[in-house]
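*Asks:* Structure, please.
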Amino acid sequence: MKAMAATSRRTMHSADAISGTKGRLNISGFGPGFGSAKLAAAIARGALILAWASALLLIVARPAHAQTESVLHSFAQNGADGFSSYAGLAIDAKGNLYGTTYNGGANNSGTVFKVTPSGAETVLHSFGGADGANPYFSGVVRDTAGNLYGTTTAGGANGFGTVFKLSPTGTETVLHSFAADGKDGSHPYARLAIDKTGNLYGTTPVGGANNFGTVFKVTPSGTETVLYSFKGGTDGCNPYNAGVVLGKNGVLYGATTTCGANGVGTVFKLIPTGTETVLHSFASDGTDGFSPYAGLAIDTKGNLYGTTYFGGASGFGTVFKLTPTGTETVLHSFANDGKDGCHPENSGLVIDVTGNLYGTTTVGGASGVGTVFKLTPTGTETVLHSFANNGTDGFDPYAGLALDKAGILYGTTLEGGGSDHGTVFKITQYPVSFSPESLTFSAQTVGTTSAPKTVTLFNNQSVALNITSIAASADYSAAPGGTKPCASPVAASSSCTFVVRFSPTKIGTIKGSVTVTDDAPTSPQAVALTGRGQ
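*Replies:* Sure, this is the predicted structure:
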């Protein structure tokens, strides 16, 4: 029954989210695009799909629970530490996590919180209204000085939301309050992006010159500029949860949930002068996905990756790739049985160093209450975790994930946990991991030895790691060294370093590996090596 109730709440969230009400906040007056016939059809279709899928998924037997997920924090019953986290997390160099809750805190208007690697939670700020209220999908971003930045959907000087800054000592400053007339945007939902000089970039789903949403910029001193107001036509409209990502030369990329050539959403590009280009309009038949709710991820080559809530081969949503020239490929369509997850909502993707993508779905999986998934560059999907139908590990993960150097994933769930007010969780993929996962050496003269390259070994286990050997093959050598030379045992949740050198004995490309043998269940582990003798 708990899972059934959760499914009912999710169905309501999904439909209300498009209309902007969420049962808490009505913004329909600012966004005529939210009332379009095509979008109404999408809502109806989504509700039918979700209701059918939920009924199917609830009768699926629960498998043996994966052992990689652990709850770092369950939000308390009294809500003093916050509850209802729709947003993803930011992570610092020490592994501390930072996030927001929509509700709870001292004034029940939401919080900014910190969770340490050991799971200790601290409320850094409780919103009260004038300083903002109800941070929705935004979460926070960090600058190099440790300041946090985010948005609130409501509150501020005019009640239409804010952009805020929170110092490392907990001092909150409202950088911008959105105006009562909505011309500068209204009710920001999404995560911010920050550039090297501290400028912030974001979106509003409504408001602007045409009431179809905006892309905005806020300087470190708090000056706001609307970079683009959506027109409600082929240029897209209503960027719902979708913020923007920064590409080269200050170019911004984002997604709109509706409008475009076919009325079901776009991926767009915005250059610093304010010229918008639609890179892709999703097709009216939905085969390439439609209604992208979440923001995008970008790789080093400028390829964009995102999710759609609906569409694909089965109508349950997609993961897609878009090249810099606008060629779209559906990497994965979520299946009609929902076991691989379905309906990724605010799941902005994260990319690891080898190009794997990670995200969440709000429903689906073995118990029907959400998943964490991995997708290889070639499109092979693996469910890393299906949330349990009893909710103890959390359920209903709206937000995307954070990824640390050890390959550990962190996220939040809207509900579940000890008090059913949501959780902060982590998923450990590998008992032992490396950063980097491979090394490439520059051309080296035959008979000489390269400078050392350092690899960090992470023991992600809750027990010590006993290393038997670190050995290199071919024309490579490896030994403990670097900033924290490996010595056995390596403490639980700790790391050490070793160095690798290249001594070519012939001309040409030489491949090898470093193999670490230890008492972890995945032993031995390897780091791939490539070099060229000259």
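*Asks:* What count of nearby residues applies to residue 319?
*Replies:* Neighbour count of residue 319, defined by other C-beta atoms under 10 Å: 25. From N, CA and C alone the C-beta is placed, and that goes for glycine too.
*Asks:* I'd like the average pLDDT over the helix or strand harbouring it.
*Replies:* Residue 319 is part of strand 318-322 when elements are defined by DSSP states H and E. The predicted model gives strand 318-322 an average pLDDT of 98.
*Asks:* With stretch 447-462 instead?
*Replies:* 95.
*Asks:* What is the end-to-end distance of it?
*Replies:* 43 Å (C-alpha to C-alpha, to the nearest Å).
*Asks:* buried residues in it?
*Replies:* By 16 or more other C-beta atoms under 10 Å, the buried positions in stretch 447-462 come out as 450, 452-453, 455-461.
*Asks:* Find the nearest non-adjacent residue to residue 430, please.
*Replies:* residue 407 (5.7 Å; C-beta to C-beta, 6 or more residues apart in numbering).
*Asks:* residues in contact with that neighbour?
*Replies:* 352, 429-430, 433, 458, 460 (C-beta atoms under 8 Å, 6 or more residues apart in numbering).
*Asks:* let's see it at 10 Å
*Replies:* 352-354, 356, 358, 427-430, 432-435, 437, 458, 460 (C-beta atoms under 10 Å, 6 or more residues apart in numbering).
*Asks:* ok, residue 126 to residue 112 distance?
*Replies:* As for residue 126, its distance to residue 112 is 8 Å (criterion: C-beta to C-beta, to the nearest Å).
*Asks:* more crowded one of these two?
*Replies:* Neighbours around residue 126 and residue 112, counted as other C-beta under 10 Å, are more numerous at residue 112. The numbers are 26 against 21.
*Asks:* what about the strands in the stretch 151-300 of the chain?
*Replies:* 162-166, 172-177, 193-194, 200-204, 214-218, 224-229, 244-246, 252-256, 266-270, 276-281, 297-298 (DSSP state E, counting those that start in this stretch).
*Asks:* Describe which strands the helix or strand containing residue 516 pairs with in its sheet and in which direction.
*Replies:* According to DSSP H and E, residue 516 maps onto strand 508-518. Partner strands for strand 508-518, per DSSP bridges, with pairing direction: strand 467-472 (antiparallel), strand 525-533 (antiparallel).
*Asks:* any chance of those in TSV, plus distance to residue 179, mean neighbour count and mean pLDDT?
*Replies:* Listed next are these as TSV, based on distance: least, C-beta to C-beta, whole Å; neighbours: other C-beta atoms under 10 Å; pLDDT from 0 to 100:
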stretch	distance to residue 179	mean neighbour count	mean pLDDT
strand 467-472	60	17	98
strand 525-533	54	19	97
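*Asks:* Residue 234 is nearest to which of these?
*Replies:* strand 525-533 (45.6 Å; C-beta to C-beta).
*Asks:* what sits against the residue minimising distance to the centre of the chain?
*Replies:* Centrality entry for the chain: nearest residue to the mean C-alpha point is residue 400, 3.0 Å, by C-alpha atoms, centre = their mean. Contact analysis of residue 400 by C-beta under 10 Å, 6+ apart lists 87-89, 137, 139, 191, 241, 294-295, 297, 307, 344-350, 358-360, 409, 411-412.
*Asks:* And residue 302, by the same measure?
*Replies:* So residue 302 contacts 247-248, 251, 253, 322-325 (C-beta under 10 Å, 6+ apart).
*Asks:* 8 Å - rerun?
*Replies:* Residue 302 neighbours (C-beta under 8 Å, 6+ apart): 247-248, 323-324.
*Asks:* Only the buried subset of these, as a PyMOL command please.
*Replies:* To isolate the buried members of those in PyMOL, using 16+ other C-beta under 10 Å:
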select buried, resi 247+324
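*Asks:* that older thread, could you let me know which of the contacts of residue 407 ends up closest to residue 508?
*Replies:* Nearest member of those to residue 508, counting by C-beta to C-beta, is residue 437, at 23.8 Å.
*Asks:* What values do phi and psi take at the closest one?
*Replies:* phi -90, psi -10 (degrees, to the nearest 10).
*Asks:* quick one: it and residue 95, what's the gap?
*Replies:* 19 Å.
*Asks:* Report pLDDT for the closest residue to residue 522 other than its chain neighbours.
*Replies:* Leaving aside its sequence neighbours, residue 522 sits nearest to residue 431 (C-beta to C-beta, 6+ apart; 5.5 Å). Looking at residue 431, its pLDDT reads 90.
*Asks:* Okay, now stretch 442-459: how far is its last residue from its first?
*Replies:* First residue to last in stretch 442-459 (C-alpha to C-alpha) measures 29 Å.
*Asks:* mind checking the backbone torsions on the residue of the chain most remote from its centre?
*Replies:* The outermost residue of the chain, judged against the average C-alpha position, is residue 447 (46.7 Å), by C-alpha atoms, centre = their mean. As for residue 447, its main-chain torsions (degrees, to the nearest 10) stand at phi 90, psi 0.
*Asks:* Please report how far it lies from residue 506.
*Replies:* For residue 447, the distance to residue 506 - C-beta to C-beta - is 10 Å.
*Asks:* For residue 70, which non-adjacent residue is spatially closest?
*Replies:* residue 426 is the one closest to residue 70 (C-beta to C-beta, 6+ apart), at 5.7 Å.
*Asks:* I'd like the distance from that neighbour to residue 180, if you could.
*Replies:* 42 Å.
*Asks:* Repeat that for residue 151.
*Replies:* 17 Å.
*Asks:* hmm, back to that, for the contacts of residue 302, which one is nearest residue 230?
*Replies:* So of these, ranked by how close each gets to residue 230 (C-beta to C-beta), first place is residue 247, at 19.5 Å.
*Asks:* Alright, I will stop here.
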